[in-house]
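Student: Predicted model and sequence below, questions to follow.
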Amino acid sequence: MSTGQVTKRAKYKTSVKDPGTPGLLRMNERKLSFSPHDPASATKLDVEFIHIKGHKHTKEGSNKPPWLNLPHDQGGSYIFEFESFADLHKLHKQFVIGGVLTELEFWATRKKLLDGDSNRKLKQRVGFKSTMILDTKPMADGRTNKVTFNLTPEIKYQIFVLKPAVHRAFLNLVPNKMTEKDFFTKYFKAEYLLSSKNAVAAAAEAAEDDELAIFLKDDDILAQEARRKIRRVDPTLDMEADQGDDYTHLPDHGIFRDGSKEISESQHEQYKRTLSQDLNRQGAVVLEGRTLDMDLEDPRTVAEALVRSRQESDGDATQERLERISRMTEIEDLQAPHDHPFAPLCIKDPRDYFDAQQANALKTLDDIRSKTEQTKCNLSIDEAYGSLRDSVSKIMTMGLSDPIVKPEVALMVLNGLTQNISGTRYQLGKNPQESILDGLPKTTKDELLHHWMSIQELLRHFWSSYPITTTSLHTKVSRLKDAMSQIYRHLEEIKESVQSDFRHQVSLLVRPMHQALDAAFQHYDADQQKRSSTRIGESPNGYV
Amino acid sequence: MAPAPSKLYADDVSLLMVLLDTNPLFWTSSYLPFSNFLSHVLSFLNSILLLNQLNQVVVIATGYNHCDYVFDSSLATNQGSENGRMPALCYDLLQKLEEFLVKDEQLHKEGSEKGLASSLLSGSLSMALCCILFYDLDICTASLCLIFRRFFDQGHSIHNPGYVAIMNSIFSAQRSMVPIDSCYIGSNNSAFLQQASYITGGVYLKPQQLDGLFQYLSTVFATDLHSRTFLQLPKSVGVDFRASCFCHKKTIDMGYICSVCLSIFCKHHKKCSTCGSVFGQAQSDNESASNLKR
């Protein structure tokens, strides 16, 4: 039921002017339902599509928010406003249509949003079933001696993959010597003989029929591969050492298969297969996965395609084997370290940068001040003593200055000293349940959030444009700077317009925004200065 | 270094030692004329004495060549000024201060050229501590208030000749649980005064509005130690904990430390210049690096 369901966040509106109820819209083939976020809200919907007469929606790329308008047979209509990317839409409207950014620039930073979507579309291929097709059981009707095997293209494909010898025989014999049907009849006859565990009978049959013998004998291709695999084993591994641990000398590791215990008969060894071999082969094939992605209807084309894919992988395998041997047999002490040359990634805390800027600014200020002090400090010691004594005698005759401190100055000092302990400042941010934003009037909150988003968008573009290498980047940066200074002014206005109760909170929220913008402006000015100074510096050298 | 554990001050009677910077060289270049400075400080001292009848104030002047007591409220003669425009306290103090300046100048003229370009902080600190120990601390609580105009302790300007002496006086103050409040009138922050206040649990303040100095002094430094437990006094944002090395008096943030007497050196020495311990030969770079301590 839930297969074709779409779930979206949306606002449900009964009319165009309705502000809307936020909630979840679910749609499947039969009906749509809407459940509001607020469980107390009564605007629940559960409508079958039979009642819907048509649908309208806003065009892509238009300036309106994405709406879905579904008129129903009672004369009204259900309107849903989708809010996903509503913020993005707002930003797009503001900057692209406002001319600050071009369409291309705007979307360039958001490529990854699309990447996420396309990844999800990647189709997962169906792998092999892990059931053993070798166990394909015959169906006996119980009256005659006839048994029936059901064969599908899928099973045929699996047989080819699992048994390279059968695959080879098919390529050799069909359709030159026998039909496909005869081939598989023979194959299953052999399988039946093997499953009956009657090695003597199998040996007798094999002696009579050459083609049947192919299926009855051990798969020589597999055997060859097994030998190759043994060669490929890590040369440092001593296989003889753990020979005592294995159970291969026991038939089927002593596991009962098909309910009957096997009787080992050494002279007909080649007509027997062990469970472990089958399991290993099956496991290997399942893990390798499907190498062919095609229609499995015609066994002949499947068989040929399989040959091609196998050759490709064989080439890889030998190469890999060589690499492995060279890796395994090297004596570690004599080799150069394996690590790849790399440059360490240097990620710095951006705060360091801002702190350093601030410290530098303060330092220059202090330097200037101390320099002026140094220059004034040129009096001789005698003069210094004189002036000091003068001031003492001056105060003795004149008395203390009255008033000692001007009231305005005193108030300023007092405010300065108690600034960081005044009430709200001290309480703010202490309560995790209380968000400063929530305490503000809704319009202010929305405005602040929107500005913050805009600033982030602009800053993202701004910083990514540095270093400025082309004129287009230069114009882009100056456009961005203008837009940012506009927002800067807006923020100032918000700060001033807001009521005195909230002014402090707002200024707290606005401060980081201003700081971020200030950093950008500072960088812009510094860069601009550098550019103009190099231009001036160049001209006398005849570069103009 | 943890700040000193604060005593449980049960009484709000206080003994206040005020160290005044009277180094003539520093005052000539000030934004704040010395006479204005004095009137702020005198008002401050007056208000301290008004806060509690048992309060006691001792003023020590720190000059260019020597330092001396210029005022002690317990010894004050209640002799009024000639024209009555001045409280008795101020008149006494100013007279003493004038005498002090004359003597300082005389000492300078006598040719004792060892006058330091930095104020004699260590000397005046020691005098103040002695005075505090002389008065009975069972009756009142003592605090030190340093009011300094300028203090050369930046490593790059002039090496600190009195580093060890100053640090020792600061540690003595810490041991006798005397908080050192410092008011610094200058451009850069003073690392010494910051450390002194931090170690002893006092307040370090660098006033921004110099014409409101009295307001700063009376708001921050006039509070007695008992009341400080209820008040939120300005906290220092960051303290420069860098030390000066004993060999070149350079301010360093990494150096060598004598394992016996904890003297600090900016480079490896064969023998500790303070306690004479012979250091082992640094065998390899690795080993010397391990001796490096922040």
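Tutor: All right, it came through fine.
Student: For the residue nearest the centre of chain B, which three-state class applies?
Tutor: In chain B, the centroid-proximal residue (Cα atoms, centre = their mean) is B:Leu146; its distance is 4.5 Å. Following DSSP: H, G, I helix; E, B strand; the rest coil, we place B:Leu146 in the strand state.
Student: So it is in contact with B:Pro179, correct?
Tutor: No. Using Cβ atoms under 8 Å, B:Leu146 is not in contact with B:Pro179, being 11.1 Å away. (Each C-beta comes from the backbone N, C-alpha and C, glycine too.)
Student: hang on, the earlier thing: so the residue nearest to the centre of chain B bridges to which residues?
Tutor: B:Leu19, B:Ser182 (DSSP bridges).
Student: got the contact list for it?
Tutor: Taking Cβ atoms under 8 Å, 6 or more residues apart in numbering or on different chains, we find B:Leu146 in contact with B:Leu19, B:Leu121, B:Ile180, B:Asp181, B:Ser182, B:Cys183, B:Leu193, B:Ala196.
Student: can I get those residues in JSON lines with pLDDT?
Tutor: Output for the contacts of B:Leu146, formatted as JSON lines (pLDDT from 0 to 100):
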{"residue": "B:Leu19", "pLDDT": "87"}
{"residue": "B:Leu121", "pLDDT": "78"}
{"residue": "B:Ile180", "pLDDT": "88"}
{"residue": "B:Asp181", "pLDDT": "88"}
{"residue": "B:Ser182", "pLDDT": "86"}
{"residue": "B:Cys183", "pLDDT": "87"}
{"residue": "B:Leu193", "pLDDT": "80"}
{"residue": "B:Ala196", "pLDDT": "83"}
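Student: Going by distance to chain A, which of the residues you listed wins?
Tutor: Distances from chain A to the contacts of B:Leu146, taken as Cβ to the nearest Cβ, are shortest for B:Cys183 (12.5 Å).
Student: what about the closest one, distance to A:Ser391?
Tutor: Distance from B:Cys183 to A:Ser391, counting by Cβ to Cβ, to the nearest Å: 19 Å.
Student: now swap in B:Cys131 and tell me
Tutor: From B:Cys131 to A:Ser391 the distance is 26 Å (Cβ to Cβ).
Student: likewise B:Glu98?
Tutor: B:Glu98 sits 10 Å away from A:Ser391 when distances are taken as Cβ to Cβ.
Student: Which stretches in the stretch 101-250 of chain B count as strands?
Tutor: B:141-148, B:180-184, B:204-205, B:243-244 (DSSP state E, counting those that start in this stretch).
Student: is it possible to export those to TSV including distance to A:Lys56?
Tutor: Output for these, formatted as TSV (distance: least, Cβ to Cβ, whole Å):
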stretch	distance to A:Lys56
strand B:141-148	80
strand B:180-184	74
strand B:204-205	71
strand B:243-244	77
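Student: Tell me which residues touch A:Tyr488, please.
Tutor: Applying Cβ under 8 Å, 6+ apart, the residues near A:Tyr488 are A:His514, A:Leu517.
Student: What is the neighbour count of the residue nearest to A:Pro441 when sequence neighbours are not counted?
Tutor: Once flanking residues are discounted, A:Pro441 sits nearest to A:Phe502: 7.4 Å by Cβ to Cβ, 6 or more residues apart in numbering or on different chains. The criterion is other Cβ atoms under 10 Å in any protein chain shown. On that basis, A:Phe502 has 17 neighbouring residues.
Student: count of residues packed around residue 92?
Tutor: Just so you know, I chose chain A. A:His92: 20 neighbours (other Cβ under 10 Å).
Student: To clarify, I was referring to chain B.
Tutor: By other Cβ under 10 Å, the residues close to B:Asp92 number 22.
Student: I'd say it and B:Asp72 touch.
Tutor: No. Counting by Cβ under 8 Å, B:Asp92 stays clear of B:Asp72, with 9.3 Å between them.
Student: who touches the closest residue to A:Val392 other than its chain neighbours in this structure?
Tutor: Closest residue to A:Val392 in three dimensions, ignoring its sequence neighbours and counting by Cβ to Cβ, 6+ apart: B:Glu98, at 5.1 Å. Taking Cβ under 8 Å, 6+ apart, we find B:Glu98 in contact with A:Arg389, A:Val392, A:Ser393, A:Met396.
Student: coming back round to it: per-residue confidence at the residue nearest to the centre of chain B?
Tutor: What the model reports as pLDDT for B:Leu146 is 75.
Student: one step back: which one of the strands of the stretch 101-250 of chain B lies nearest to A:Ile221?
Tutor: A:Ile221 sits nearest to strand B:243-244 of all the strands of the stretch 101-250 of chain B, at 80.4 Å, using Cβ to Cβ.
Student: now for the closest one, which elements pack on it?
Tutor: strand B:251-252 (3 or more Cβ pairs under 8 Å, 6 or more residues apart in numbering or on different chains; DSSP states H and E).
Student: List the single closest residue to B:Asn189 in space, sequence neighbours excluded.
Tutor: B:Lys206 (6.1 Å).
Student: Can you tell me how far the one you found is from B:Leu19?
Tutor: 16 Å.
Student: more neighbours, the two?
Tutor: A count of neighbours by other Cβ under 10 Å puts B:Leu19 above the other of B:Lys206 and B:Leu19, at 25 against 18.
Student: list the contacts for that one?
Tutor: B:Val59, B:Ile60, B:Thr62, B:Leu121, B:Ser124, B:Leu125, B:Ala128, B:Leu144, B:Cys145, B:Leu146, B:Ile147, B:Phe148.
Student: Could you do B:Cys258 as well?
Tutor: B:Ile264, B:Phe265, B:Cys272, B:Thr274, B:Cys275, B:Ser277, B:Phe279.
Student: and if you look at A:Val16?
Tutor: Contacts for A:Val16 (Cβ under 8 Å, 6+ apart) come out as A:Ile79.
Student: ok, it to A:His72 distance?
Tutor: Taking Cβ to Cβ, one finds A:Val16 at 15 Å from A:His72.
Student: Equivalent analysis for B:Tyr216, please.
Tutor: On the measure of Cβ to Cβ, B:Tyr216 and A:His72 end up 75 Å apart.
Student: quick one: which of those two has more around it?
Tutor: Comparing B:Tyr216 with A:His72 by neighbour count (other Cβ under 10 Å), the higher total belongs to B:Tyr216, at 27 against 16.
Student: which ones are touching that one?
Tutor: A:Val413, A:Leu417, B:Cys183, B:Leu205, B:Pro207, B:Gln209 are the contacts of B:Tyr216 under Cβ under 8 Å, 6+ apart.
Student: of those, buried ones?
Tutor: The neighbour-count test (16 or more other Cβ atoms under 10 Å in any protein chain shown) applied to those identifies A:Val413, A:Leu417, B:Cys183, B:Leu205, B:Pro207 as buried.
Student: other SSEs contacting the helix or strand hosting A:Leu411?
Tutor: For A:Leu411, the host element (DSSP states H and E) is helix A:407-418. Helices and strands touching helix A:407-418, as assessed by 3+ Cβ pairs under 8 Å, 6+ apart, comprise helix B:213-216.
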